[in-house]
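S.K.: what follows is a predicted structure for the sequence shown.
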Amino acid sequence: MTSVALTIAGSDSGGGAGIQADLKTFQELGTFGTSVLTAVTAQNTLGVHAVQPIETDIVIAQIDAVLNDFTVGAAKTGMLFSGEIIEAVADTLSQYERIPLVIDPVMIAKGGASLLQEAAIAALKERLIPTATLLTPNIPEAEVLTGMTIVSMHDMENAANQLLRMGAGAVLLKGGHRMDTRDAEDLFMSADGECFLMRSKRIKTKDTHGTGCTFAAAVTAELAKGAPMRDAVVTAKHFIHAAIEDGLYLGNGHGPTNHAAFRDRGIVERKDVELIGKR
């Protein structure tokens, strides 16, 4: 039976992030992608030029349409824009049988444009994070959510623990913004005590648009297929590493990643990611 994944996110007209990146990732990992649109952006590799949120009743109608017809194995959220949309998503999902939910707390685009209203942060923390099977912030997003400054692995561990106390079942804190290490280190911590580090070489490129969306979508696709969380997260790390390393070199700004790279490399022993158990 074909596995089904759901993304609840904004549209990126440039195709590198948001709904477009999620659906490409779902397809590449062998899942059927369904989608709920929360906002339309006029966006390219140079930045976000305009944003138009979708009316909350249409967001709700989309969720109902998908969940009333498809057997969804896992879902993710991306750009939700406003507190009203966050509350609508939380309220609507609560009416259905619980499925694994990956929350990517999208706040700021690569070019610096805000993708989440300030007032929505409280709704995210109070309504959505407690429902997360996995929360996937990068360092700037984790700093906003926790009020901390994060510059080291010790800081990442403290921030992840604070995010777990907000109610998330697990946290994948992406460390690509850290400058104190030559590698890209992502920290996984769960409420049941599992903790490990994923380390890969840092790739020198400006083309990282949509990496957060793609990473979270890859985890979602694997969960939708029934993979254990640890396996899903590790596969997603390999997926995003390949997508960045085998770049497409499109556009004049922060270009998109190559969503086909993981598949194009074939089924081989993957050595791009070092897995380090912390306890």
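M.R.: All right, it came through fine.
S.K.: assumed Glu274 was part of a strand.
M.R.: Yes - membership of Glu274 in a strand is supported by DSSP: H, G, I helix; E, B strand; the rest coil.
S.K.: settle this for me: it is touching Met198, isn't it.
M.R.: Yes - contact between Glu274 and Met198 holds when scored by Cβ atoms under 8 Å: they sit 7.4 Å apart. Just so you know, the C-beta spots here come from the backbone N, C-alpha and C atoms, and that holds for glycine as well.
S.K.: please identify which of those two sits among more neighbours.
M.R.: Taking neighbours as other Cβ atoms under 10 Å, Glu274 and Met198 compare with Met198 leading, 24 against 13.
S.K.: so the more buried one versus Asp91, what's the distance?
M.R.: Counting by Cβ to Cβ, to the nearest Å, the gap between Met198 and Asp91 amounts to 34 Å.
S.K.: and the nearest residue to Gly255 once chain neighbours are set aside, what pLDDT?
M.R.: Taking Cβ to Cβ, 6 or more residues apart in numbering, and ignoring the residues beside it in sequence, Gly255 has Asp207 as its nearest neighbour in space, at 3.6 Å. Per-residue confidence for Asp207 comes out at a pLDDT of 93.
S.K.: identify the residues contacting Asp207.
M.R.: When contacts are counted by Cβ atoms under 8 Å, 6 or more residues apart in numbering, Asp207 is found next to 244, 247-250, 254-257.
S.K.: please identify which helix or strand holds the spatially most central residue of the chain.
M.R.: When Cα atoms, centre = their mean is applied to the chain, the residue found nearest the centroid is Ala216 (3.0 Å). Under the criterion DSSP states H and E, the helix or strand holding Ala216 is helix 211-224.
S.K.: which parts of the lengthiest helix in the chain are buried?
M.R.: The helix that spans the most residues within the chain, counting by DSSP state H, is helix 229-245. When neighbours are counted by 16 or more other Cβ atoms under 10 Å, the buried residues of helix 229-245 are found to be 229, 232-245.
S.K.: of all those, which comes closest to Gly193?
M.R.: Met229 (13.0 Å; Cβ to Cβ).
S.K.: what separation is there between the residue lying closest to that closest one once chain neighbours are set aside and Asp22?
M.R.: Leaving aside its chain neighbours, Met229 sits nearest to Ala170 (6.3 Å; criterion: Cβ to Cβ, 6+ apart). For Ala170, the distance to Asp22 equals 20 Å [Cβ to Cβ].
S.K.: what packs against the one helix or strand Leu172 maps to?
M.R.: Of the helices and strands defined by DSSP H and E, Leu172 is found in strand 170-174. The elements that strand 170-174 packs onto, with contact taken as 3 or more Cβ pairs under 8 Å, 6 or more residues apart in numbering; DSSP states H and E, are strand 134-135, helix 139-146, helix 153-165, strand 183-190, helix 211-224.
S.K.: give me that answer again for 7 Å
M.R.: Contact partners of strand 170-174 among helices and strands, from 3 or more Cβ pairs under 7 Å, 6 or more residues apart in numbering; DSSP states H and E: strand 134-135, helix 153-165, strand 183-190.
S.K.: what's the most buried one of these?
M.R.: Between the helices and strands packed on strand 170-174, the one whose residues have the most neighbours on average, counting mean count of other Cβ atoms under 10 Å, is strand 134-135 (a mean of 26).
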